[in-house]
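Student: This is a predicted model, with the sequence first.
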Amino acid sequence: MSGLPLSRARWAMPAVGVVALLACLLLGFPQPRQALLSYLLAWFFFTGLTLGSLALLMVHPLTGGRWGESIRPQLLAAARALPLQALLVLPILFGMRVLYLWAQPQAIAASEQLQAQGWYLAERFFVIRTIAWFALWLWLWSAIDRRLRDPARIDRLPALAAGGLIVYALSMSLAATDWVMSLLPQWRSSIFGMLVVTGQMLAAAALATWMAARRDPRSRRAAPDSALLADLGNLLLMFVLAFAYLAFMQYLTVWIADLPAERSWYVPRTLTSWRWLAWFLVAFLFVVPFAVLLSRRAKRMPVVLAAVAAMLLAGSMAHALWLVVPSFRAQGFSLRWTDLFAVLGIGLLWISLYRVQWNALRDLPFAAMPARAGPPGHVQSGKEHRHG
């Protein structure tokens, strides 16, 4: 009987998640597009956590270092949610005529631009591309996962990771165009795809760092030392700088060009009360993390590093809201019950699966990465000297 409460607790989280998604569906009947927007922002954020974790699993074989070994269980646990995210994309595919203007026959008939874009923004082609992206990512995840668990095959991981990162960056850029940027068919940005890719890796690194810094007392792994915490802090700092640079360059390019089609995306986000969300993003995704992570001492403190990682996670969730919603609530900042229930529903399903995988992976031994060739005098090992 002692296992009964644990069993109930394990099933309670996904059950509440399903109930929350049903509540989102029921509340969305009067305004189905708003409900689908809520669903899209929640699904897009948690898919980003999953794919960003997969990308970081491919980065580590190419760079080496203890940071990747220390957060490998966290990254693997998140990446193993990919089949769930592939299943949860179905409501978006079935609801595309409600969600996307380019899928509505009456809108196409009234717009020469949509007719010209019809060769790419077509329902059947959209479904084919979405299936193709997930098939590609599922294959890549399966190959990476197998090699990480098999010492006999891990030597071949760097070659797979190098090609896989290129494939991920290109495919995710196109997928971001399909799922989010095409919500406004007249808007376009050559930076948008890479901004999404960088944001996904930032969010995944933040989650893994938060898990590592807070230290699970049930884990038999050694607690991260100060040098390792500094490595994780430097990883976050690098992604913060890359993300901020891309976001600023996208805004600067649109501002300089001052074209109606391009500035249409920024008008509701900067000239209404949505601008307060913009300032929140500036603070939570750049100013505060950047200031804290510049401090060597702060990066080596588990509590501070965990707080920064949590801040970046919250900022990443807000960024998903920023990407998806404001153009369709142009009167100003507005949250709906469907937003809450969509995030709660998908979030609880994702977290429950993550917890199961984390419990299975946290104490497993993994094969060590093959040593990389370095410059003369360089020593590649887990005990090499680190600078904070």
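Tutor: Nice, thanks for sending it over.

Student: Count the residues that sit near L293.
Tutor: By other Cβ atoms under 10 Å, 23 other residues sit near L293. Heads up, the C-betas are built off the backbone N, CA and C, glycines and all.

Student: show me the contacts for the most centrally placed residue in the chain.
Tutor: Per Cα atoms, centre = their mean, the C-alpha nearest to the average position across the chain is that of G48, at 2.2 Å. Neighbour list for G48: V196, G199, Q200, A203, A204, S316, A320 [criterion: Cβ atoms under 8 Å, 6 or more residues apart in numbering].

Student: Check those residues against A230 and report the nearest one.
Tutor: Top of the list for closeness to A230, among the contacts of G48 and by Cβ to Cβ, is A204 at 19.3 Å.

Student: Now the closest one: closest residue in space, sequence neighbours ignored.
Tutor: For A204, ignoring the flanking residues on the chain, the nearest one in space by Cβ to Cβ, 6 or more residues apart in numbering is G52 at 3.1 Å.

Student: neighbouring contacts of the helix or strand V292 falls within?
Tutor: Assigned by DSSP states H and E, V292 belongs to helix 288-293. Helix 288-293 is contacted by residues 233-234, 236-237, 240-241, 244, 298-299, 304, 308, 311-312 when judged by Cβ under 8 Å, 6+ apart.

Student: Mind giving me the PyMOL command for buried ones among those?
Tutor: Of the contacts of helix 288-293, the buried ones go into a single PyMOL selection, burial set by 16 or more other Cβ atoms under 10 Å:
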select buried, resi 233+234+236+237+240+244+298+299+304+308+311+312
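
Student: Filter the contacts of helix 288-293 down to the ones in helices?
Tutor: 233-234, 236-237, 240-241, 244, 298-299, 304, 308, 311-312 (DSSP state H).

Student: For L165, which residues are in contact?
Tutor: Neighbours of L165 in contact, by Cβ under 8 Å, 6+ apart: A55, M58, V59, L62.

Student: List just the nearest of the residues you listed to S189.
Tutor: A55 (20.7 Å).

Student: separation between T209 and G347?
Tutor: Remark: distance between T209 and G347 (Cβ to Cβ, to the nearest Å) = 19 Å.

Student: okay, those two: which has more neighbours?
Tutor: Shown here are T209 and G347; by other Cβ under 10 Å, T209 has more neighbours (28 against 18).

Student: Verify the stated contact: that one with N234.
Tutor: No. Shown here, T209 and N234 do not form a contact pair, counting by Cβ atoms under 8 Å, at 10.7 Å.

Student: Just the buried positions in the helix holding V292, please.
Tutor: Across helix 288-293, burial judged by 16+ other Cβ under 10 Å covers V288, P289, V292, L293.

Student: Out of those residues, which is nearest to R66?
Tutor: Relative to R66, the closest of those is L293; by Cβ to Cβ it sits at 18.1 Å.

Student: per-residue confidence for the closest one?
Tutor: L293 carries a pLDDT value of 95.

Student: just the one 5 residues further on next, same as before
Tutor: The predicted local distance difference test score for A298 is 91.

Student: same thing with the one 10 residues further on?
Tutor: Model confidence at V308, expressed as pLDDT, equals 96.

Student: check which helix or strand covers S171.
Tutor: Going by DSSP H and E, S171 is in helix 157-179.

Student: going on from that helix, what's the next piece of helix or strand?
Tutor: Where DSSP H and E defines the elements, the next helix or strand beyond helix 157-179 is helix 192-214.

Student: Tell me the gap between that next one and the middle of its chain.
Tutor: 6 Å (Cα atoms, centre = their mean, to the nearest Å).

Student: Over to stretch 11-21?
Tutor: Mean C-alpha position of stretch 11-21 versus that of the full chain (Cα atoms, centre = their mean) differs by 22 Å.

Student: Pull out the buried residues from the contacts of L165.
Tutor: Among the contacts of L165, the ones that count as buried by 16+ other Cβ under 10 Å are A55, M58, V59.

Student: ok, the first one - contacts?
Tutor: Contacts for A55 were tallied using Cβ under 8 Å, 6+ apart; they are L165, Y168, V197, Q200, M201, A204.

Student: which SS class is it?
Tutor: Recorded secondary structure, A55: helix (DSSP: H, G, I helix; E, B strand; the rest coil).

Student: Please report the distance of it from W139.
Tutor: Separation of A55 from W139 (Cβ to Cβ): 15 Å.

Student: Local confidence estimate at the closest residue in space to G193 that isn't next to it in sequence?
Tutor: Leaving aside its chain neighbours, G193 sits nearest to S173 (2.6 Å; criterion: Cβ to Cβ, 6+ apart). Here the pLDDT value assigned to S173 is 96.

Student: circling back to that earlier point, can I get the buried residues of helix 288-293 in TSV including distance to S70?
Tutor: Listed next are those as TSV, based on distance: Cβ to Cβ, whole Å:
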residue	distance to S70
V288	24
P289	20
V292	20
L293	17
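
Student: Now flag whichever of those is closest to V324.
Tutor: For those, the nearest to V324 is P289 (22.8 Å; Cβ to Cβ).

Student: Next, the buried residues of stretch 97-111.
Tutor: Neighbour-count burial for stretch 97-111 [16+ other Cβ under 10 Å]: V98, L99, Y100, L101, W102, A103, Q104, I108, S111.

Student: Might you list the low-confidence residue ranges for the chain?
Tutor: 1-9, 215-223, 363-388 (pLDDT under 70).
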